[in-house]
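Student: structure for the following, please:
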Amino acid sequence: MNQVIVVAVGGALGSVLRYLSQVWLGRWLGLDFPWGTLFVNVAGSVLMGVLAEAAGRAWHPSPELRAFLTVGILGGFTTFSSFSLDIGTLVSRGDWPVTMLYFMATLVVGVGGLFVGMALVRAVMS
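Tutor: This is a model prediction of the structure:
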């Protein structure tokens, strides 16, 4: 139960950080390009890499702290960081066919799911 609570708190913090990043970058760079989303996806992936490598080498966080930082804060900040970690894990195993399958399936099915959801709403609302 402790991990559920720390993930929830971390997720709330990460979501607020994502929102503030997107608002600030939108004001600074404009809204013609999704700068905020690009920033949080790249920053979240870098931070996930830092945490994963540090935890694999010299830093040994408790399961609660690890869940708070990775699933909670970075999960709320960007779900792309989790996707990046999954890809990194598969690459480090040398499992290229599964890596490419997961990469393409996530992109194609994920974006495809967006369009399916939009079509469902259009069908119901028309």
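
Student: what about Gly112, neighbour count?
Tutor: By other C-beta atoms under 10 Å, 11 other residues sit near Gly112. C-beta coordinates here come from the backbone N, C-alpha and C atoms, glycine included.

Student: and Leu69, how far from Met104?
Tutor: Noted for Leu69: a distance of 29 Å to Met104, by C-beta to C-beta, to the nearest Å.

Student: for Arg27, same thing?
Tutor: Applying C-beta to C-beta to Arg27 and Met104 gives a distance of 35 Å.

Student: likewise Asp86?
Tutor: According to C-beta to C-beta, Asp86 stands 13 Å off from Met104.

Student: dihedrals phi and psi, the residue nearest the centre of the chain?
Tutor: For the chain, Thr79 is the residue whose C-alpha lies nearest the centre (C-alpha atoms, centre = their mean; 1.8 Å). Torsion angles at Thr79 (phi, psi; degrees, to the nearest 10) stand at phi -80, psi -10.

Student: now do Arg93
Tutor: phi -80, psi -10.

Student: again with Leu120
Tutor: According to degrees, to the nearest 10, Leu120 has phi -60, psi -40.

Student: what about Asp86 and Met104, which has more around it?
Tutor: When Asp86 and Met104 are compared for neighbours, Asp86 comes out ahead with 14 against 10, by other C-beta under 10 Å.

Student: remind me which helix or strand that one belongs to.
Tutor: helix 80-92 (DSSP states H and E).

Student: before we move on, what about Met48?
Tutor: Residue-wise, Met48 maps onto helix 35-57 under DSSP H and E.

Student: what helices or strands is that helix leaning on?
Tutor: On a contact count with 3 or more C-beta pairs under 8 Å, 6 or more residues apart in numbering; DSSP states H and E, helix 35-57 meets helix 2-29, helix 75-77, helix 80-92.

Student: contacting residues around stretch 53-62?
Tutor: Applying C-beta atoms under 8 Å, 6 or more residues apart in numbering, the contact partners of stretch 53-62 are Arg66, Leu69.

Student: endpoint to endpoint, that stretch covers what distance?
Tutor: 15 Å (C-alpha to C-alpha, to the nearest Å).

Student: pLDDT averaged over that stretch, what's the number?
Tutor: What stretch 53-62 shows for mean pLDDT is 88.
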